[in-house]
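Q: for reference, the sequence and a predicted model appear below.
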Amino acid sequence: MKKVICQIFGHHYAVTKKVTQHIKEYECIHCGKEVTTSETGDLSVLTPERQEINDTLKSIYQRRHCTADHAA
C-alpha cells in the first residue's frame, strides 16, 4: 500500500544523514527508498558504491573542518 502512495503522489523524502553542507542522504518516509545528492545536485539512488563515496567524503569533510576550527 505504501508503494502505491509513492506511485500516485511521489516520494516524500526526509534527510537521514548530512554528508557535507551540500550532499545529504534521504529516505522516503512511506516506502523506505534511499537516495543521495549526486555530483550534479540531482537525487540518485543510494547504491553501496555511492554510500562508500559519501562515507569517504564525510570523513574528509570532517577532518578539514576540524583542522580549520582548531587553527582559527
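A: Okay, I see it.
Q: drop to CA atoms for contacts and neighbour counts, all remaining ones
A: Will do.
Q: show me the shaky parts of this structure.
A: Applying pLDDT under 70 to the chain flags residues 67-72.
Q: who's in contact with the residue nearest to the spatial centre of it?
A: In the chain, the residue lying closest to the centroid (C-alpha atoms, centre = their mean) is residue 25, at 1.4 Å. Listed by C-alpha atoms under 8 Å, 6 or more residues apart in numbering, the contact partners of residue 25 are 15-19, 34-37, 46.
Q: how near is it to residue 31?
A: Distance, residue 25 to residue 31, by C-alpha to C-alpha, to the nearest Å: 15 Å.
Q: go on, residue 22?
A: 24 Å.
Q: these two: which is more packed in?
A: residue 31 (16 against 10; other C-alpha atoms under 10 Å).
Q: what's the single longest helix in this protein?
A: helix 48-71 (DSSP state H).
Q: buried set for that one?
A: 50, 54, 58 (16 or more other C-alpha atoms under 10 Å).
Q: list the residues that contact the residue lying closest to the last one once chain neighbours are set aside.
A: Pointing back at residue 58 there. Closest residue to residue 58 apart from its sequence neighbours, by C-alpha to C-alpha, 6 or more residues apart in numbering: residue 19 at 4.9 Å. Listed by C-alpha under 8 Å, 6+ apart, the contact set of residue 19 reads 25, 54-55, 57-58.
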